[in-house]
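S.K.: Quick one, fold the following:
(2 chains)
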Amino acid sequence: MYAPSGDIRCTNDAMQCDWVERHLSAYHDGALNNHTTDQVRQHLATCAACSAMLAEYARFDTLLKRNPRVSPAPALRARIFNSPEFRELVQDHQGTVTPFPTAATSANARHLSNMARWVTQVAAVLVILSGAGLLIGHIMARQPTGALYASCAHPLASGDRLVYQVGSTLYSGEDRLVCDPHARVGSVWQVSPDGHWVAYVNSTRGEVRMVRANDIGDHAVATGPGDIISVTWSPDSQAILLVKQTGLTAFALWLVPANQTTAMHIGDLDQAPAALQWAPDSQTFAYVTGSDNQAAITVRTATQHGAVSQIATPHVPLALGWVAGSTPRLTWVIPTADGKALLALSNFDGTTQTLTTDAATFAAVNAQGVWALATASGVTTVDMLTKKTSTVALTGAATALAWSPAGDHLAAANARGIWLVTATGATAIATDPGTYPLMWTPDGATLYFGSGSIMQEYALASGTAHVAALAGIPTAAPQWSSAQ
Amino acid sequence: MAMVELESTWSFERIYDEFKTPIYNYIYHLVGNREQADDLTQDTFLKAFKALPKMDASLKLSAWLYRIATNTAYDALRRRKLIAWLPWQDLDHEPADVESADPQETIETTELVRQALGHMSPTYRAALLLYTQEGFSYAEIAQTLSIAESGVKMYLSRARHSFREHYRALESGVPTPVKGASR
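M.R.: Have a look, this model is predicted:
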């Protein structure tokens, strides 16, 4: 039986308990030196609180160790070994690739005999596939190279359209946007801010492609080696920033003009950048690296050998953004060690102004520099320029917040529903759990949201919602396009 | 957990069959969502298969696979955090096939463990899972998470503190706010 140690006060000096508490985990693991172990043991002999905490560590370790292990479904095996990526691995190396690492010269003979065994196993897989009636020749054929794939049978209409992903393809409205049957759209894609282009990664070939929102001009862009992990359009829709992973701890930044087929390498990192945000001027961008207790915000000019500056932060920012103006200013929110949220705004002279609020679990900023924060008491808005704050109560903490493009409307969602939030209160527009990200149309007149597995459109003017007409259930965040 | 060295008789299929459950279990408990765990496990193994022929013969396969899995899950968690979508999977969607070492373990306790893990920073969660569920040593955790061994002590200390805080709050029915931390 375990006593609730929270009700027991430390009977020794508080500083001693603090010191012991910091070493208790390593003591439990037997990872302290003899001297420190003795000190901790002596303290535990007379401190019920610390002893109870140690007992809880042991209890929770046991709970975790005995936690049921989760196995993958058998179908995952077939999915991996039938995937285009695995087939390409086989095809590209034409039987010479082996799963084992480079061997020394003296081991080559054993290496070659095992390679033969591996090739036989792969051949057996292919035979099984052909026996199942699959067109192996068609599947294993080289992808067509060149600029254009065949267009879809029905060209997309012009105008504003919703772009979303179902499975491994993109749709615009209810029509397919990516028509190449061999292309497999992964989770990395983005519509340009002006709505005219869609950049996506064809995971079949590991390449980035650009397609106009009316499905013409689908072209591939040549970049260096590595796996593409993100694409981010500049606000002026003239270029995308690509992040590629070139090694386990190696990442590369590439700039890709929208209507060109080559990219410019602009930098290398040893960590994946997070929260990548372009400044409104499309000349600069910022991102976060690091981990708890040692993070940094980096600001870079989007050119080769461009200027780089860094802001060290004690914790990983919850969110960051830019405040529009003749000189854009960076703003960010970080959680503090004492459970608050620290909001910061960079000044033109290089200094930073800060403001502290209650702890926030989610944050979003508009171009006017007003932060919306999901706090325990509801939604708090903080205007970084005027320092005005307001808090609106919500039923349950918000798990998503979205400003309209003009920054004049705020939507919030959680498991209890969807709300429109103003300075004076929150109006519910749905009472089902919010399951999809909140998304405003470019004109700010309509809010898209998910409740259950249904995507709905809410029109601000009429205050009514109806089910959105889509070709399937989106498997990733939808975005808004504007076909020319 | 014993370090597994790559033998020359291993095939891709054998590597998958040998490591599918520990890697999948680890990823699942990192991201808390079965559908995403499927995708990330696939990504992990395909990345490994692609890179394996170029690796050195002294490769410690298991730690290397966990390292790929960790980075793959971190990337997904970062993307998820940025778009705040895919709610942490609830009890209604528990995986169908679950191996339990102890048939007397209650569903309630399992759910508390899962929720407490979900409230933690991914980095601390990873360290705690590697130590308790996968049986990694401090050195193996350091190698998997690309941190110094001295950092592992600190990570585990904070991980246990965080887990204890959240588990006790959940047990008593008072949820703690999720700290906005990512890798």
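S.K.: The most centrally placed residue in chain B: which element?
M.R.: The centre of chain B sits closest to B:Y26, judged by C-alpha atoms, centre = their mean, with a distance of 3.2 Å. Here B:Y26 sits within helix B:12-31, counting by DSSP states H and E.
S.K.: is any part of that helix close to chain A?
M.R.: Yes. Contact of helix B:12-31 with chain A is found when judged by C-beta under 8 Å from any C-beta of the partner chain, involving B:12-13, B:15-17, B:20-22, B:24-25, B:28-29. Heads up, the C-betas are built off the backbone N, CA and C, glycines and all.
S.K.: Show me which of those is closest to A:A468.
M.R.: Nearest to A:A468 among the residues of helix B:12-31 next to chain A is B:Y28, at 31.2 Å by C-beta to C-beta.
S.K.: Does that closest one touch B:D39 like I think?
M.R.: No. Counting by C-beta atoms under 8 Å, B:Y28 does not reach B:D39; the two are 11.5 Å apart.
S.K.: which ones are touching A:S51?
M.R.: Going by C-beta atoms under 8 Å, 6 or more residues apart in numbering or on different chains, A:S51 touches A:L44.
S.K.: what's around A:A400, how many residues?
M.R.: Residues lying near A:A400 (other C-beta atoms under 10 Å in any protein chain shown) number 22.
S.K.: Could you tell me the model confidence score at residue 14?
M.R.: Since no chain was named, I'll use chain A. A:A14 is assigned a predicted lDDT (pLDDT) of 64.
S.K.: Chain B, not that one
M.R.: At B:R14, pLDDT is 85.
S.K.: Tell me the buried residues in the helix holding B:Y26?
M.R.: For helix B:12-31, the neighbour count (16 or more other C-beta atoms under 10 Å in any protein chain shown) marks B:12-13, B:15-16, B:19-20, B:22-31 as buried.
S.K.: do the same with stretch A:256-274
M.R.: Neighbour counts over stretch A:256-274 (16+ other C-beta under 10 Å) mark A:256, A:258, A:263, A:266-267, A:269, A:271-274 as buried.
S.K.: First-to-last residue distance for it?
M.R.: For stretch A:256-274, the first-to-last residue distance is 19 Å (C-alpha to C-alpha, to the nearest Å).
S.K.: Is it positioned near chain B?
M.R.: Yes. Against chain B, stretch A:256-274 shows contacts by C-beta under 8 Å from any C-beta at A:272, A:274.
S.K.: Quick check: buried residues in the helix or strand hosting A:S25?
M.R.: Taking DSSP H and E as the definition, A:S25 sits inside helix A:14-28. Residues A:16-17, A:20-21, A:23-28 are the ones in helix A:14-28 that count as buried (16+ other C-beta under 10 Å).
S.K.: Same question for stretch A:310-327.
M.R.: The neighbour-count check on stretch A:310-327 (16+ other C-beta under 10 Å) flags A:311, A:313, A:315-324 as buried.
S.K.: and chain B, which of the residues you listed contact it?
M.R.: Restricting those to those near chain B by C-beta under 8 Å from any C-beta leaves A:315-319.
S.K.: Nearest to chain B among those residues?
M.R.: Chain B lies nearest to A:L318 out of these, by C-beta to the nearest C-beta, at 3.5 Å.
S.K.: Chain B contacts on the stretch 201-350 of chain A?
M.R.: Contacts of the stretch 201-350 of chain A with chain B, taken as C-beta under 8 Å from any C-beta, map to A:227, A:229-230, A:248-249, A:272, A:274-275, A:291-292, A:315-319, A:333-335, A:339, A:341.
S.K.: can you do 7 Å?
M.R.: Contact residues (C-beta under 7 Å from any C-beta of the partner chain) of the stretch 201-350 of chain A with chain B: A:229, A:248-249, A:272, A:274-275, A:291-292, A:315-316, A:318, A:335.
S.K.: so can I have CSV of these showing secondary structure and pLDDT?
M.R.: Converted to CSV, these look like this (DSSP: H, G, I helix; E, B strand; the rest coil; pLDDT from 0 to 100):
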residue, secondary structure, pLDDT
A:I229, strand, 80
A:L248, coil, 70
A:T249, coil, 75
A:A272, coil, 81
A:A274, strand, 83
A:A275, strand, 83
A:S291, strand, 70
A:D292, coil, 63
A:H315, coil, 82
A:V316, coil, 83
A:L318, coil, 85
A:P335, strand, 85
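S.K.: Tell me the one among the residues of helix B:12-31 next to chain A nearest to B:S162.
M.R.: Of those, the one sitting nearest to B:S162 (C-beta to C-beta) turns out to be B:H29, at 14.6 Å.
S.K.: Could I get the contacting residues of the closest one?
M.R.: With contact set as C-beta atoms under 7 Å, 6 or more residues apart in numbering or on different chains, B:H29 has these partners: B:117, B:129.
S.K.: Can you give me the pLDDT of it?
M.R.: We note a pLDDT of 91 for B:H29 in this prediction.
S.K.: Please report the distance of it from B:F163.
M.R.: Here B:H29 is placed at a distance of 12 Å from B:F163 (C-beta to C-beta, to the nearest Å).
S.K.: got it, and B:A139?
M.R.: On the measure of C-beta to C-beta, B:A139 and B:F163 end up 22 Å apart.
S.K.: Out of these two, name the residue with the larger neighbour count.
M.R.: Legend: neighbour count by other C-beta under 10 Å for B:A139 and B:F163, higher for B:F163 (25 against 12).
S.K.: Between helix A:14-28 and the helix or strand the more buried one falls within, find me the angle.
M.R.: Per DSSP H and E: B:F163 is located in helix B:149-171. Counting by axes from the mean of the first three to the mean of the last three C-alpha atoms, to 10 degrees, helix B:149-171 points 100 degrees away from the direction of helix A:14-28.
S.K.: got the buried residues for helix B:149-171?
M.R.: Residues of helix B:149-171 classed as buried under the neighbour-count rule (16+ other C-beta under 10 Å) are B:151-164, B:166-170.
S.K.: Can you tell me what sits against it?
M.R.: Contacts of helix B:149-171 with the rest of the structure, by C-beta under 7 Å, 6+ apart, involve A:6, A:22, A:25-26, A:31, A:56-57, A:60, B:112, B:115-116, B:119-121, B:123-125, B:127-128, B:131, B:138-139, B:141-142, B:175-176.
S.K.: Take the residues of helix B:12-31 next to chain A and write them to TSV, including distance to A:W403.
M.R.: Output for the residues of helix B:12-31 next to chain A, formatted as TSV (distance: C-beta to C-beta, whole Å):
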residue	distance to A:W403
B:F12	47
B:E13	49
B:I15	47
B:Y16	44
B:D17	49
B:K20	43
B:T21	43
B:P22	43
B:Y24	38
B:N25	39
B:Y28	34
B:H29	34
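S.K.: Quick one: the helices in chain B, in order.
M.R.: B:12-31, B:34-51, B:61-83, B:107-118, B:122-132, B:138-145, B:149-171 (DSSP state H).
S.K.: before we move on, what about chain A?
M.R.: Secondary structure of chain A, counting by DSSP H: helices at A:14-28, A:34-44, A:48-65, A:75-81, A:84-93, A:108-131, A:136-140.
S.K.: what's the angle from the fifth one to helix B:12-31?
M.R.: So the one you mean is helix A:84-93. Angle between the axes of helix A:84-93 and helix B:12-31 is 140 degrees (criterion: the same axes, to 10 degrees).
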